[in-house]
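1. next input, structure requested:
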Amino acid sequence: QLVESGGGSVQAGGSLRLSCATSGYSYRTMSMGWFRQAPGKEREGVAAFASAGSTRYSDSVKGRFTVSKDSAKNTLYLEMKSLKPEDTAMYYCAAGFPPSLWVGYCDEYNYWGQGTQVTVSS
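-> Sure thing, here's the model as predicted:
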């Protein structure tokens, strides 16, 4: 089970930290990712985190978002800074075995959380 939290409403330039708590299954060997979906748009990958610790980011968030994992807490995080109105979306975490650590993979992730809403106002 994957459970996201930490979403909310902030003004442009603000920060949020999303959490994805895992339980009930061993996700330790899986890659994990953060995805987002805005109304009327397709789901897109934002950040990916390999089980060995390497990371990848989409160009739209590179330098502003940081993905990390606390293995002791079985929790994946997404630190978001300098938020922009275009970051507004439902954010999901997922786990799976994608062929490589590329943020473009989406269907390759097997386990998904329910999402947490992030709204950035201008």
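
2. excluding sequence neighbours, find me the nearest residue to Tyr57.
-> Of all residues not flanking Tyr57 in the chain, Ala47 sits nearest, at 5.1 Å (C-beta to C-beta, 6 or more residues apart in numbering). Using the backbone N, CA and C atoms, a C-beta is placed for each residue, glycine as well.

3. what about the helix or strand harbouring that neighbour, average pLDDT?
-> Assigned by DSSP states H and E, Ala47 belongs to strand 44-49. Regarding strand 44-49, the rounded mean pLDDT is 96.

4. quick check: beta-bridge partners of the residue nearest to Tyr57?
-> Trp34, Tyr57 (DSSP bridges).

5. is it true that it touches Leu78?
-> Yes. With contact defined as C-beta atoms under 8 Å, Ala47 and Leu78 form a contacting pair (6.2 Å).

6. what's the overlap in contacts for these two?
-> Counting by C-beta atoms under 8 Å, 6 or more residues apart in numbering, the shared contacts of Ala47 and Leu78 are Trp34, Phe65, Thr66, Val67.

7. now do stretch 42-53: distance to the chain's middle.
-> Between the centre of stretch 42-53 and the centre of its chain there are 7 Å (C-alpha atoms, centre = their mean, to the nearest Å).

8. please save the CA atoms from it in CSV.
-> Only the C-alpha atoms of stretch 42-53 are listed here, as CSV (Å, rounded to 0.1, in the frame of the first residue of the first chain):
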residue,chain,number,x,y,z
GLU,A,42,-2.1,13.1,-19.2
ARG,A,43,-0.2,11.8,-16.2
GLU,A,44,3.4,12.7,-16.3
GLY,A,45,6.5,11.6,-14.5
VAL,A,46,8.1,14.1,-12.2
ALA,A,47,10.9,12.3,-10.4
ALA,A,48,12.2,8.7,-10.3
PHE,A,49,14.2,7.0,-7.5
ALA,A,50,16.0,3.8,-8.1
SER,A,51,16.3,1.2,-5.3
ALA,A,52,20.1,1.9,-5.4
GLY,A,53,19.5,5.6,-4.8
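
9. so which bits of that stretch are buried?
-> Neighbour counts over stretch 42-53 (16 or more other C-beta atoms under 10 Å) mark Arg43, Glu44, Gly45, Val46, Ala47, Ala48, Phe49, Ala50, Ser51 as buried.
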